[in-house]
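Asker: Sequence first, predicted coordinates after that:
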Amino acid sequence: MTQTRSSILSVRRSTGWFRSGMIGICAMVGLGLTIAGCGEEESSNATPASAQGPVEVLVVEAWTSPIERRLRLVGSTRAVDAVSVTAEVTGTVSWIGFNDEDLVEGRQELVRLDDRRASADLRAAEARLERLKLRKERTLTAFERGAANPAELDDARTSVAEAEAERDRAKAVHEDHTIRAPFAGRVTRRLVSMGALVSPGDAVAVLNSVDPMEVAFSVPERALADLRIGLNVKAQTAAFGDRSFDGELAAIGAEIDPVSRAADVFARVENPDGLLRPGMFVNITLVTGVDESAVLVPESALVIEGNRIEAFVIEDGKATRRRVRLASRMSGLVEIAEGIEAGEVVVTSGVQKLREGTPVSVSADETLKALGVIPGRPLAEQPIMTDGGYFVEPVSSREPGLTNENGGG
């Protein structure tokens, strides 16, 4: 009897568990159907992307303009000529005609040495020469009368020649007591004082040439093909703000540094006021050529994704993605080497909302005008121009996705 009750109790418990499990499963199935129904309802209410209204974007028309190809580099100034002015003879300093930092002319007197002895020697040499000239004249007269033989006349002429040489030597020694500037420039240091005894080879001053001033800088080897003697150069230094010192390329080094992979290059720039001094740090702009029809668009039109550079062009009211290659950058603009033609309409604002084929509603981008750029107008005529042309920075070949069209960077 006990065993039968246990069996009945066990069956009832199993039946309860079964019923509870079925109720749970039914509840889960019902919840799933409810969620699915909601999802279908939401899906049915979603609007396909193709059915959305046009996306509002700002656009500008790509245009062409002549631009100068330029390299921007840094360098330092140095004097074309720099010498220590030295004494040629022994003497005591009796006069000094300059101070440190004075600008002097070529052949200007700098220092005089006590020349009393040299003056006396010169006067003696001149007197002896005059006496021997008179003797030669008398001998010549006697020779013409037959009172002197040819040997005596030759001796008289030789004596005059020797006296002239002695006079010239004495005159040179006398002149060497006045020390002069060998060329026009700036005296950077005075090395003597009044009363000092100097000997041949002793320096009395350091003199540097001023105009023109040489600028030394390095150019990467990849840009050397664009260089040639006589290219226009502009140099600027922080000391004089926006003032430019114009000049031209004077020399290109014959060797490439194996570490920096660059060549030493030298330019000479005008410095009529003597403002530039040796050792100054300068920014250099080197004009390497002119592209008469560069295609330009605002830099804001670019979409950079990894190693790709793209832009959106409007065709038939829809956005079309284009891959582009850049040739150079400038003030807020980029030059297109490939991918966009002049006259095509390019999106400059709103590109993040676009996909291939997105319908668009376009408005003219007025940002460039606010910055002083007038699309379609040559760069040299832009209102923001201050030096007759934009600075153009060639795209570096080391930048991902970019192509250097100018041989420099």
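Answerer: On my side now, so go ahead.

Asker: Next, count neighbours for A263.
Answerer: Using other C-beta atoms under 10 Å, A263 is surrounded by 19 other residues. C-beta here means a position set from N, CA and C on the backbone, and glycine is covered the same way.

Asker: For it, give the beta-bridge partners.
Answerer: In this entry, A263 is beta-bridged to V219, I256, by DSSP bridges.

Asker: any idea how far the closest residue to G185 other than its chain neighbours is from F183?
Answerer: By the measure of C-beta to C-beta, 6 or more residues apart in numbering, the closest residue to G185 outside its immediate chain neighbours is S209, 4.3 Å from it. Distance of S209 to F183, computed by C-beta to C-beta, to the nearest Å: 6 Å.

Asker: And those two? Which one has more around it.
Answerer: When S209 and F183 are compared for neighbours, S209 comes out ahead with 21 against 16, by other C-beta under 10 Å.

Asker: Next up, the contacts around that one.
Answerer: 79-82, 183-185 (C-beta atoms under 8 Å, 6 or more residues apart in numbering).

Asker: Buried ones only from those, please, as a PyMOL command.
Answerer: Of the contacts of S209, the buried ones go into a single PyMOL selection, burial set by 16 or more other C-beta atoms under 10 Å:
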select buried, resi 79+80+183+184+185
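
Asker: Across the sheet, point out what pairs with the closest residue to V303 other than its chain neighbours.
Answerer: Distance criterion C-beta to C-beta, 6+ apart; nearest residue to V303, sequence neighbours excluded, is E310 at 4.6 Å. Counting by DSSP bridges, E310 is bridged to V303, R323.

Asker: neighbours around E310, how many?
Answerer: 17.

Asker: mind starting the numbering at 462 from now?
Answerer: In the new numbering, first residue 462, that becomes E771.

Asker: pLDDT score assigned to it?
Answerer: Per-residue pLDDT puts E771 at 95.

Asker: try the one 10 residues further on
Answerer: According to the model's per-residue confidence, T781 sits at a pLDDT of 95.

Asker: Can you give me the separation between it and E805?
Answerer: With the distance defined as C-beta to C-beta, T781 ends up 10 Å from E805.

Asker: Show me the common contact partners of these two, please.
Answerer: Each of 774-775 lies in contact with both T781 and E805 under the rule C-beta under 8 Å, 6+ apart.

Asker: ok, those two, which is more surrounded?
Answerer: Shown here are T781 and E805; by other C-beta under 10 Å, E805 has more neighbours (19 against 16).

Asker: Could you give the backbone dihedrals for that one?
Answerer: When read as degrees, to the nearest 10, the backbone of E805 gives phi -80, psi 150.

Asker: Let me know the distance separating it from V821.
Answerer: Going from E805 to V821 by C-beta to C-beta gives 14 Å.

Asker: quick check: mean pLDDT across stretch 791-801?
Answerer: Mean pLDDT, taken over the full extent of stretch 791-801, equals 88.

Asker: could you turn it into PDB, dropping everything but the C-alphas?
Answerer: The C-alpha trace of stretch 791-801 is given here as PDB (Å, rounded to 0.1, in the frame of the first residue of the first chain):
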ATOM      1  CA  MET A 791      48.900  76.100 -50.500                       C
ATOM      2  CA  SER A 792      46.900  78.500 -48.300                       C
ATOM      3  CA  GLY A 793      43.700  76.500 -47.700                       C
ATOM      4  CA  LEU A 794      43.700  75.100 -51.200                       C
ATOM      5  CA  VAL A 795      45.100  71.900 -52.900                       C
ATOM      6  CA  GLU A 796      46.200  71.300 -56.500                       C
ATOM      7  CA  ILE A 797      44.700  68.300 -58.100                       C
ATOM      8  CA  ALA A 798      47.000  66.200 -60.200                       C
ATOM      9  CA  GLU A 799      44.400  63.600 -61.200                       C
ATOM     10  CA  GLY A 800      40.700  62.800 -60.400                       C
ATOM     11  CA  ILE A 801      39.000  66.200 -60.800                       C
END
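
Asker: how about the helices in the stretch 462-611 of the chain?
Answerer: Using DSSP state H, counting those that start in this stretch, the helices assigned to the stretch 462-611 of the chain run over residues 463-506, 577-606, 611-637.

Asker: who's in contact with A540?
Answerer: Taking C-beta under 8 Å, 6+ apart, we find A540 in contact with 646, 669-671, 674-675, 739.

Asker: again, but for R630
Answerer: Taking C-beta under 8 Å, 6+ apart, we find R630 in contact with A586.

Asker: Domain ranges for the chain, per the record?
Answerer: Taking automatic domain parsing as the reference, the chain has its domains at 518-530+751-855, 533-540+671-750, 546-669.

Asker: mind listing the strands in the stretch 662-811 of the chain by residue range?
Answerer: For the stretch 662-811 of the chain, strands defined by DSSP state E, counting those that start in this stretch occupy the ranges 664-669, 674-681, 693-697, 706-717, 723-730, 742-759, 764-766, 769-776, 779-784, 786-790, 794-799, 806-810.

Asker: What distance do you get for V756 to E802?
Answerer: Distance of V756 to E802, computed by C-beta to C-beta: 7 Å.

Asker: low pLDDT regions in the protein?
Answerer: Counting by pLDDT under 70, the chain contains low-confidence residues at 462-513, 829-870.

Asker: who touches both of S670 and F644?
Answerer: Residues touching both S670 and F644 by C-beta under 8 Å, 6+ apart: D542.

Asker: ok, back up a step: shared neighbours, V756 and E802?
Answerer: Listed contacts common to V756 and E802 are A523; contacts here mean C-beta under 8 Å, 6+ apart.

Asker: Which one of the two is surrounded by more residues?
Answerer: V756 (22 against 11).

Asker: okay, now the residue lying closest to the more buried one once chain neighbours are set aside: neighbour count?
Answerer: Of all residues beyond its chain neighbours, the one nearest V756 is I797 (4.5 Å), with distances taken as C-beta to C-beta, 6+ apart. Residues lying near I797 (other C-beta under 10 Å) number 26.

Asker: ok, now the one 10 residues further on?
Answerer: Residues contacting V807 under the criterion other C-beta under 10 Å number 23.

Asker: can you check S705 too?
Answerer: Around S705 sit 17 other residues, with neighbours defined as other C-beta under 10 Å.

Asker: how near is it to T698?
Answerer: Distance from S705 to T698, counting by C-beta to C-beta: 10 Å.

Asker: Same question for A677.
Answerer: Here A677 is placed at a distance of 14 Å from T698 (C-beta to C-beta).
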